[in-house]
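>>> need a structure here:
(one chain, ligands or ions: 1)
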Amino acid sequence: MSKDYTTLEQIINQDPVFGQLSFNDHEQVVFCNDKDTGLKAIIGIHNTVLGPALGGTRMWNYGNEWSALNDALRLSRGMTYKSAITGLNLGGGKAVIIGDAKTQKTPEMMRKFGEFVHSLSGKYITAEDVGMTTEDMDTVREITPYVTGISESKGGAGNPSPITAYGVFNGMKAAAKYKFGSDVLEDKVIFVEGIGNVGEALVEYLTQEGAKVTIADINRERLEEVRDKYGATIYEGADLHAEPMDIYAPCALGATINDNTITKLQASIIAGAANNQLADENKHGMLLQQRGIVYAPDFLINAGGIINVYAELEGYDRAEIMRKTENIYTTTIEILNKAEQNRITTHSAALQIAQARIDARRAEQQG
Ligand SMILES: NC(=O)c1ccc[n+]([C@@H]2O[C@H](COP(=O)([O-])OP(=O)(O)OC[C@H]3O[C@@H](n4cnc5c(N)ncnc54)[C@H](O)[C@@H]3O)[C@@H](O)[C@H]2O)c1
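Here you go, the predicted structure:
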């Protein structure tokens, strides 16, 4: 029996597991538990209509298990739409490991995780996400072939983050073209929040183009390192979202566009790498639209990484990876125009195109 939930609180209180799965239309969720290595992981498989569910593994010290499940579900759903809109024959999946990547991750834990991935016989294919490295994927590869993002020396396509940053850079330029009439980012005031693997590579592109880049991160060491390398300014204030800026680039975790931040935002454009930037896709997407802030949908512009890891499965080359990633520019322009013409949010415009591709494939499959 399906139920209609109207609020997240209802789901949490009444049906925290299957309520969430049906709410987001997931196919399968796998809970992985191993006492010896301390592994506690959740693999979310959202949709496999277009192909195997490919998506990275995130290791994070979640406040509670519900947050971890919610993250796995939101992230895996995002992967379905990311691959669909990018034209890849992949479904959407994602895994989370509960714990501190700096102190609790071990090769034994990664091997055990590999066993769980292997047990799904290729329905889910993993890669790296926050808290994971290419070396971790190499360890998983010792156990299962259902892993991407492995080292180039081991036959993989290497760290996907620089390509992700290149895609974000292209999406940002497209949003600038749409909003300002020019895609030149020179002298634009850009705040990059989160300067990890993707954020740093994005800062490099932006500073090369002469943008005025301010960086924020919870890791002081990283801030100083990135400042010294690229000449970016470290943000020392207490309320980044309220600062005057042309472009806000969220590159840390998701949901930074929420009830607390949205009314303060002064940026003209939001374009970043983080997954699930809008805490509430409909509500916050609409508020941005009303405020005239151009939002380049996250799952569209951060697809460079999945394009890169897909090459490991399909065997295409570097030139094709770059061509597909540069195409993010054209798709972003199309989405922004579609949203304007149909008076819908940019997020909905992107979602509609992705969903149409999935529906068409499903119809073909059903004959
Ligand atoms: N790596 C990829 O190829 C890829 C692809 C698509 C999407 N993404 C998304 O992009 C984002 C960044 O990924 P990454 O691989 O660079 O991760 P990362 O772990 O290398 O970097 C994340 C950075 O964010 C910082 N951070 C965390 N919380 C913060 C906060 N509250 N304020 C400021 N900084 C904070 C961390 O200190 C770290 O430096 C993630 O949301 C990820 O899901 C990454």
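>>> enumerate the residues of the chain near the ligand.
Within the chain, the positions near the ligand by C-beta under 6 Å from any ligand atom are 129-131, 160-161, 164, 193-199, 216-219, 222, 251-254, 273-275, 302, 305. Bear in mind the C-beta positions are built from the backbone N, C-alpha and C, glycine included.
>>> are any of those buried, and if so which?
Buried subset of these (neighbour count, 16 or more other C-beta atoms under 10 Å): 129-131, 160-161, 164, 193-199, 216-217, 222, 251-254, 273-275, 302, 305.
>>> take the residues you listed and keep only those in helices.
161, 164, 197-199, 222, 305 (DSSP state H).
>>> widest-spaced pair of these?
The most widely separated members of these, counting by C-beta to C-beta, are 222 and 305 (19.5 Å).
>>> let me have the ones in helices among the buried ones among the residues of the chain next to the ligand in JSON lines, extended by pLDDT.
Below are those laid out as JSON lines (pLDDT from 0 to 100):
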{"residue": "161", "pLDDT": "92"}
{"residue": "164", "pLDDT": "96"}
{"residue": "197", "pLDDT": "92"}
{"residue": "198", "pLDDT": "96"}
{"residue": "199", "pLDDT": "98"}
{"residue": "222", "pLDDT": "97"}
{"residue": "305", "pLDDT": "94"}
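>>> closest to residue 328 out of those?
Nearest to residue 328 out of these is residue 164 (C-beta to C-beta; 10.3 Å).
>>> list the contacts for the closest one?
198, 201, 273, 302-305, 308 (C-beta atoms under 8 Å, 6 or more residues apart in numbering).
>>> mind doing that once more with 6 Å?
198, 273, 302, 304-305 (C-beta atoms under 6 Å, 6 or more residues apart in numbering).
>>> could those go into CSV alongside distance to residue 146?
Formatted as CSV, the contacts of residue 164 follow (distance: C-beta to C-beta, whole Å):
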residue, distance to residue 146
198, 24
273, 25
302, 22
304, 22
305, 17
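>>> residue in the stretch 101-250 of the chain nearest to the ligand?
The minimum distance from the stretch 101-250 of the chain to the ligand, using C-beta to the nearest ligand atom, falls at residue 196 (1.7 Å).
>>> give me the pLDDT for that residue.
If you check residue 196, the pLDDT there is 94.
>>> list phi and psi for it.
Main-chain dihedrals, residue 196, degrees, to the nearest 10: phi -80, psi -140.
>>> what does residue 278 give?
According to degrees, to the nearest 10, residue 278 has phi -90, psi 120.
>>> ok, the closest residue to it other than its chain neighbours - contacts?
Nearest residue to residue 278, sequence neighbours excluded (C-beta to C-beta, 6 or more residues apart in numbering): residue 284, at 4.3 Å. Contact partners of residue 284, counting by C-beta under 6 Å, 6+ apart, are 257, 262, 278.
>>> one more pass at 7 Å, please.
With contact taken as C-beta atoms under 7 Å, 6 or more residues apart in numbering, residue 284 is in contact with 257-258, 262, 278.
>>> okay, the helix or strand harbouring it in CSV with CA atoms only?
According to DSSP states H and E, residue 284 maps onto helix 281-290. Taking C-alpha atoms only, helix 281-290 is exported to CSV below (Å, rounded to 0.1, in the frame of the first residue of the first chain):
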residue,chain,number,x,y,z
GLU,A,281,14.6,21.3,-4.6
ASN,A,282,11.2,22.7,-5.2
LYS,A,283,11.0,25.4,-2.5
HIS,A,284,14.5,26.7,-2.8
GLY,A,285,14.6,26.3,-6.6
MET,A,286,11.6,28.6,-6.8
LEU,A,287,12.9,31.1,-4.3
LEU,A,288,16.1,31.4,-6.3
GLN,A,289,14.1,31.9,-9.5
GLN,A,290,12.0,34.6,-7.8
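>>> which strands or helices does the helix or strand following that helix pack on?
Using DSSP H and E, the helix or strand that follows helix 281-290 towards the C-terminus is strand 294-295. Contact analysis of strand 294-295 by 3 or more C-beta pairs under 7 Å, 6 or more residues apart in numbering; DSSP states H and E lists helix 161-180 as its packing neighbours.
>>> go with 8 Å
helix 161-180, strand 269-270, helix 281-290, helix 346-365 (3 or more C-beta pairs under 8 Å, 6 or more residues apart in numbering; DSSP states H and E).
>>> can you tell me the strand partners of it and which way each runs?
strand 269-270 (parallel) (DSSP bridges).
>>> show me what the partner strand is in contact with.
Contacts of strand 269-270 (C-beta under 8 Å, 6+ apart): 172, 175-176, 179, 246-250, 257, 277, 288, 293-296.
>>> rerun at 10 Å
The contact list for strand 269-270, computed with C-beta atoms under 10 Å, 6 or more residues apart in numbering, reads 171-172, 174-176, 178-180, 188, 190, 245-250, 256-257, 277-278, 288, 293-298, 346.
>>> got a PyMOL select line for the buried ones in the residues you listed?
Applying 16+ other C-beta under 10 Å to those, the buried members can be selected in PyMOL as follows:
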select buried, resi 171+172+174+175+176+178+179+180+188+190+245+246+247+248+249+250+256+257+277+278+288+293+294+295+296+297+298+346
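>>> host element of the residue nearest to residue 351 when sequence neighbours are not counted?
Ranked by C-beta to C-beta, 6+ apart and with sequence neighbours excluded, the top spatial neighbour of residue 351 is residue 81, at 6.0 Å. Under the criterion of DSSP H and E, residue 81 resides in helix 65-86.
>>> report the angle between the next helix or strand along the chain from that helix and helix 346-365.
Next along the chain after helix 65-86, taking DSSP H and E as the criterion, comes strand 91-98. Strand 91-98 and helix 346-365 are oriented at 120 degrees to each other (axes from the mean of the first three to the mean of the last three C-alpha atoms, to 10 degrees).
>>> so which elements touch the helix or strand following strand 91-98?
For strand 91-98, the succeeding helix or strand toward the C-terminus, using DSSP H and E, is helix 107-118. Packing partners of helix 107-118 (3 or more C-beta pairs under 10 Å, 6 or more residues apart in numbering; DSSP states H and E): strand 28-34, strand 39-47, strand 57-60, strand 91-98, strand 124-125, helix 134-141.
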